[in-house]
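Asks: Dropping the sequence and predicted coords here.
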Amino acid sequence: MNVPRPLGVTRLGLLLGLFFMGSAVPAQARLLRAGDVDTLPAGPATARLAYGSDSLQFGDLRLPDGPGPFPVAVVIHGGCWVTRFASLRNSTALADALRRAGIATWNIEYRRADSPGGGWPNTFLDASAATEHLRVLATQYPLDLSRVISIGHSAGGHLALWLAGRARIPAGSPLALGDPLPLRGAVALAGIADLADFRTYQQNSCGNVVDGLMGGDPMQVPDRYAAGSPVALFPLGVPQVQVVGTLDRVMPARAREAHAAAARASGDAVTLEVIEGAGHHELMSPRTAAWPRIEAAVRRLLAMP
């Protein structure tokens, strides 16, 4: 009679190990991409409104239910300051989620470096003009202009931080504004705080975009970097929150730590929120683990319960 030979200990252990490994350790989920965020559902805007005459100078205003007046978040999409990576659609789900949390949102579009008339100084001036347009909107809609923050992703995070520091722009700069609308704070979602430093790692994601935005490098146009880079405007004088995922391939840990260190050294209050397992675009989805911490940060800055 042929008796089956027992499996060797090594072979049996290998098979059991493979079985349990396969059942206990799921495959790593793919990180979100910008296109994934563009497809997230969102309710319609209360109104799409122009803040200037260019076709890209507009924003979507979303109002929560109720009589108001409502605190406001100026929402700014990213995309490396160029048109091919993102548009206002990329920040729509986030803007709508904040609306559901009781915050009016002004989700702005703006001319990018490769748009006709975009780049220095008009990309900055568009973000500024859109924010100042809240003064006009508040005459028509129930907005509380004493409680306004900016929130932006990546390149939009750069603009969100920059908006908070406009009062410190050197006189004589084309970006200087006499009486900018004051903000309660700024939330940067993997946002760029230092344009000159970003030039050293921009190839990881955007390519050579900063010189195109600024019209030169820091040696060629130092006055532009002094007026347009948030770190050059520290202290901003308002709290900042920087939110970054541990799997973010765009912003290295060194950059987020440098932002926090520079802000604190200037006397600014800054909170660094590091989201375990999140990539770059997870920060824009209200469906990810990052969202509760982002919403909580916004509510803190707006002094909401």
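Replies: All right, it came through fine.
Asks: Can you name the residues in contact with stretch 215-230?
Replies: With Cβ atoms under 8 Å, 6 or more residues apart in numbering as the test, stretch 215-230 has contacts from 119-121, 124, 158, 161-162, 164-165, 169-170, 173-176, 192-196, 199, 210-211, 214, 232-233, 236. Just so you know, the C-beta spots here come from the backbone N, C-alpha and C atoms, and that holds for glycine as well.
Asks: If you go by neighbour count, which of those residues are buried?
Replies: In these, burial by neighbour count holds for 119-121, 124, 158, 161-162, 164-165, 169, 175, 192-196, 199, 210-211, 214, 232-233, 236, counting by 16 or more other Cβ atoms under 10 Å.
Asks: can you map out the helices along the stretch 51-200 of the chain?
Replies: Remark: helices of the stretch 51-200 of the chain, listed N- to C-terminal, are 92-100, 122-132, 134-137, 155-164, 195-198; assignment by DSSP state H, counting those that start in this stretch.
Asks: Out of those, which one sits most buried?
Replies: When those are scored by mean count of other Cβ atoms under 10 Å, the highest mean neighbour count falls to helix 155-164 (a mean of 29).
Asks: Now mean pLDDT and distance to Pro222 too, for the helices of the stretch 51-200 of the chain, in TSV please.
Replies: Conversion of those to TSV gives the following (pLDDT from 0 to 100; distance: least, Cβ to Cβ, whole Å):
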stretch	mean pLDDT	distance to Pro222
helix 92-100	98	34
helix 122-132	98	16
helix 134-137	98	32
helix 155-164	98	17
helix 195-198	96	9
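Asks: Just put those helices in CSV and tack on distance to Thr271.
Replies: Below are those laid out as CSV (distance: least, Cβ to Cβ, whole Å):
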stretch, distance to Thr271
helix 92-100, 18
helix 122-132, 22
helix 134-137, 24
helix 155-164, 13
helix 195-198, 20
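Asks: That'll do, ta.
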